[in-house]
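In: What would the 3D arrangement of this be:
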Amino acid sequence: MNPQEIKNKIDSISYYQNRHIKNNALNLCDEIIKSKLLTKYGKSVVEKIKNEITKIEDPWSRNSQSNFTDLCDIQKKINELYSIFE
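Out: Numbering: from 1, shown residues only. Alright, predicted model coming up:
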């Protein structure tokens with residue numbers, strides 16, 4: 001996987017009303033950690049972002065309506081991932 005493919009994946013999960021945004025973000029973090037694109041420091045940053053996403057409650061777990069704050073928090077973490085590859 002190259003940096004452009006990772007940016008494309010981030011773009012594909014970062015759309016409004018994505019019901020699987022947390023799970024997709026965690027899966028993407030796992031893929032980035034397994035890839036050989038980053039140094040140890042870069043992988044530790046991605047690991048930190050993954051842990052922070054894990055702590056955020058799933059925004060779609062309540063009555064099929066999103067929790068906007070949790071959704072924004074996850075989106076901020078996804079943006080941090082994107083900034084690593086710019």
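
In: In contact with residue 75, which residues?
Out: Neighbour list for residue 75: 14, 21 [criterion: CB atoms under 8 Å, 6 or more residues apart in numbering]. Every residue, glycine included, has its C-beta placed from N, CA and C.

In: can you tell me the helix or strand for it?
Out: Following DSSP states H and E, one finds residue 75 within helix 68-84.

In: the helices in this structure, which residues?
Out: With helices called from DSSP state H, the chain shows them at 3-13, 21-34, 40-55, 68-84.

In: Which of those helices has the highest mean neighbour count?
Out: helix 21-34 (a mean of 18; mean count of other CB atoms under 10 Å).

In: From the rest of the structure, what touches that helix?
Out: If you take CB under 8 Å, 6+ apart as the criterion, helix 21-34 is touched by 1, 6, 9-10, 13-14, 18, 38, 43, 46-47, 49-50, 53-54, 56, 58-59, 71, 74-75, 77-78, 81.

In: to the chain's geometric centre, what's the distance from that helix?
Out: Relative to its chain's centre, helix 21-34 lies at 6 Å (CA atoms, centre = their mean, to the nearest Å).
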